[in-house]
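[1] sharing a model that was predicted from the sequence below.
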Amino acid sequence: NFTYKLSEDTEMFADLIFANFAEKYPGSLTYEEFIADPRQANAENVLQDYGRFANYYRGAFGMRHRFGSRHEVSFNASAQYRDLIHPIFNFLDQDTRTFAGEFRYAYGGSKHRFTAGFTPQVTLTGGRRFEKLGGVRGPQAAHFDWVATNYGLFFEDEYDITPSLTISVGGRFDRSKRGN
């Protein structure tokens with residue numbers, strides 16, 4: 001992650017993330033079996049290579065600008081990619097790409113604070129399901145693509161009635177659509 005101050009009132013920020021995970025599923029073990037040998041696994045799960053394996057990438061960029069002492073606007077945009085291999089029962093190979101953003105306005109007075117924003121997001125997923133033959137990928141059994149679109153509007157309004165009592169009111173509206 002990094003932040004760079006362009007001026008006294010403006011900064012930009014970015015982050016990059018990569019994660020690789022490999023989870024092996026040992027299968028059902030009793031507590032006594034696990035305590036006796038925590039590295040053991042159900043033989044069928046080992047033979048079939050049950051697990052979940054993925055590479056995950058994310059990048060984001062944003063800017064924040066302050067107008068005077070009380071107003072601030074910000075935006076950020078991000079992209080994510082996940083390549084998932086899930087070889088249990090069938091062999092699932094799934095690619096997911098997510099693109100998201102946030103636009104935010106904030107007002108900060110001495111006793112009154114207000115924030116409002118908009119958060120769009122779209123996720124594109126492509127998947128292939130293969131038969132599993134002896135623990136390895138067999139012929140393709142299905143192919144699917146789907147799109148998820150999400151939009152959110154939000155606000156929060158806070159007012160300090162006394163130094164120890166604040167009233168806070170907020171709301172959020174989300175719209176989601178799924179399809180292929």
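    Good, I have the coordinates.
[2] now do the buried residues in the lengthiest strand in the chain.
    Longest strand in the chain by number of residues (criterion: DSSP state E): strand 136-162. Neighbour-count burial for strand 136-162 flags 150, 154, 158 (criterion: 16 or more other C-beta atoms under 10 Å). Yep, even glycine has a C-beta here, placed from its N, CA and C like the rest.
[3] with stretch 18-31 instead?
    Buried residues in stretch 18-31 (16+ other C-beta under 10 Å): 25-26, 29.
[4] okay, those in TSV with distance to residue 64 and pLDDT next?
    Below are the buried residues of stretch 18-31 laid out as TSV (distance: C-beta to C-beta, whole Å; pLDDT from 0 to 100):
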residue	distance to residue 64	pLDDT
25	43	76
26	46	73
29	50	75
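[5] restricted to helices, list those residues.
    Among the buried residues of stretch 18-31, no member is found in helices (DSSP state H).
[6] which residue ranges form the strands in the chain?
    Under DSSP E, the chain gives strands at 2-5, 10-24, 51-67, 71-88, 90-108, 112-133, 136-162, 165-179.
[7] so can I have a markdown table of those showing mean pLDDT and distance to residue 35?
    A markdown table is the format used below for the strands of the chain (pLDDT from 0 to 100; distance: least, C-beta to C-beta, whole Å):
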| stretch | mean pLDDT | distance to residue 35 |
| --- | --- | --- |
| strand 2-5 | 95 | 46 |
| strand 10-24 | 92 | 19 |
| strand 51-67 | 94 | 23 |
| strand 71-88 | 93 | 25 |
| strand 90-108 | 94 | 32 |
| strand 112-133 | 94 | 31 |
| strand 136-162 | 94 | 33 |
| strand 165-179 | 96 | 44 |
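[8] now those strands in JSON lines, with distance to residue 41?
    Converted to JSON lines, the strands of the chain look like this (distance: least, C-beta to C-beta, whole Å):
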{"stretch": "strand 2-5", "distance to residue 41": "42"}
{"stretch": "strand 10-24", "distance to residue 41": "7"}
{"stretch": "strand 51-67", "distance to residue 41": "10"}
{"stretch": "strand 71-88", "distance to residue 41": "14"}
{"stretch": "strand 90-108", "distance to residue 41": "19"}
{"stretch": "strand 112-133", "distance to residue 41": "17"}
{"stretch": "strand 136-162", "distance to residue 41": "18"}
{"stretch": "strand 165-179", "distance to residue 41": "36"}
